[in-house]
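> Kindly generate the corresponding structure for this input.
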Amino acid sequence: MKITDKTEYLAQHVHEQLGKVIVGMDDIIHGLIIAWVAQGHVLLEGVPGLGKTLLAKALAQLINSHFGRIQGTADLMPSDITGIHIYNSEKHTFEFAPGPLFNRVVLVDEINRTGPKTQSALLQAMEENTVTLDRKTYPLPKDFFLLAAQNPYEFEGVYPLLESQLDRFLVKLNLTYPDAKTEALILSRYDKPGGGHQAALQSITPLAEHDLILAREQTATVHVDESLYRYVV
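The predicted structure follows:
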């Protein structure tokens, strides 16, 4: 089996396992897996209550990763997500207390309810996988993966994301209400013991994740026609 075949098998496994807890979102799960394999970040847009938090927690469980959730509010400060230095009176020195951003999988819920200053604090983390605080730079976990959920702009009390921050997301996925058939399936599944968010998920093995790392290191040559360059310019 080639590395690319192993990666495709791994993606299928993640898709099947997420399907145990997320119903009627095949396209969303597909886009999420693409961003995860490509080491990008995901912007989820939709009204509250569609399962964005459940989706992020299920993915973290599948890839054996620590999960961090940040709730966006108007008074959220940058230090609330990056962490702070706390004075240790016994050692007479300041020690760094990392914030929720230092998890491997992080969900920023209702990101556009936070102010622009807090939104911009995510730029370095999403681009460089590091956080700088008090002139010191701290690395984030390897394969740091961020999912940000935002409410539609017609909601009250939201701040549009900066263009520079939108560039940090590889894909944007729009979540909508399920149709009647899917909603009935959700109700029936969650009504059963061991169903819904209580479903047992089969985590990926370290060997499978190692194959994914090898696949990411492979390079590919893509031919781009000169006319496309001129169109972009």
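> For the most centrally placed residue in the chain, pull up the helix or strand it's in.
Closest to where the C-alpha atoms of the chain average out (CA atoms, centre = their mean) is Leu147, at 2.5 Å. Element membership for Leu147, per DSSP states H and E: strand 145-150.
> which ones are touching the residue nearest to the centre of the chain?
Contacts of Leu147 were listed using CB atoms under 8 Å, 6 or more residues apart in numbering, and they are 32, 41-44, 52, 55-56, 105-108. Quick note: C-beta positions are derived from backbone N, CA and C, even for glycine.
> again, only this time at 6 Å
42, 56, 107 (CB atoms under 6 Å, 6 or more residues apart in numbering).
> so how far is the helix or strand just after the strand holding Leu147 off the chain centroid?
Beyond strand 145-150 on the C-terminal side, the first helix or strand identified by DSSP H and E is helix 163-166. Distance, stretch centre to chain centre, for helix 163-166: 16 Å (CA atoms, centre = their mean, to the nearest Å).
> can you check stretch 29-42 too?
With CA atoms, centre = their mean, you get 8 Å for stretch 29-42.
> Convert that stretch to CSV, retaining C-alpha atoms only.
Only the C-alpha atoms of stretch 29-42 are listed here, as CSV (Å, rounded to 0.1, in the frame of the first residue of the first chain):
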residue,chain,number,x,y,z
ILE,A,29,-16.7,16.4,7.6
HIS,A,30,-15.0,16.0,4.2
GLY,A,31,-13.8,19.7,4.3
LEU,A,32,-12.7,19.3,7.9
ILE,A,33,-10.6,16.2,7.0
ILE,A,34,-9.0,18.0,4.1
ALA,A,35,-7.9,20.9,6.3
TRP,A,36,-6.6,18.6,9.0
VAL,A,37,-4.6,16.5,6.6
ALA,A,38,-3.3,19.6,4.8
GLN,A,39,-2.4,21.2,8.2
GLY,A,40,-4.7,24.2,7.7
HIS,A,41,-7.4,25.7,9.9
VAL,A,42,-11.1,25.8,9.5
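> Quick check: buried residues in that stretch?
Going by neighbour count (16 or more other CB atoms under 10 Å), the buried part of stretch 29-42 is 29, 31-33, 35-37, 41-42.
> biggest separation within those, which pair?
Ile29 and His41 (16.1 Å; CB to CB).
> hmm, back to that, out of the contacts of Leu147, which comes closest to Tyr190?
Lowest distance from Tyr190 to those (CB to CB) belongs to Ala56, with 18.1 Å.
> Could you look up the next helix or strand downstream of the lowest-mean-pLDDT helix or strand in the chain?
None of the helices or strands of the chain scores lower by mean pLDDT, DSSP states H and E than helix 206-217, at a mean of 65. Counting by DSSP H and E, the element after helix 206-217 in chain order, helix or strand, is helix 226-232.
> where's the residue lying farthest from the centre of the chain, which helix or strand?
Relative to the centre of the chain, and counting by CA atoms, centre = their mean, the farthest-placed residue is Glu90 at 38.1 Å. For Glu90, there is no host helix or strand (DSSP H and E).
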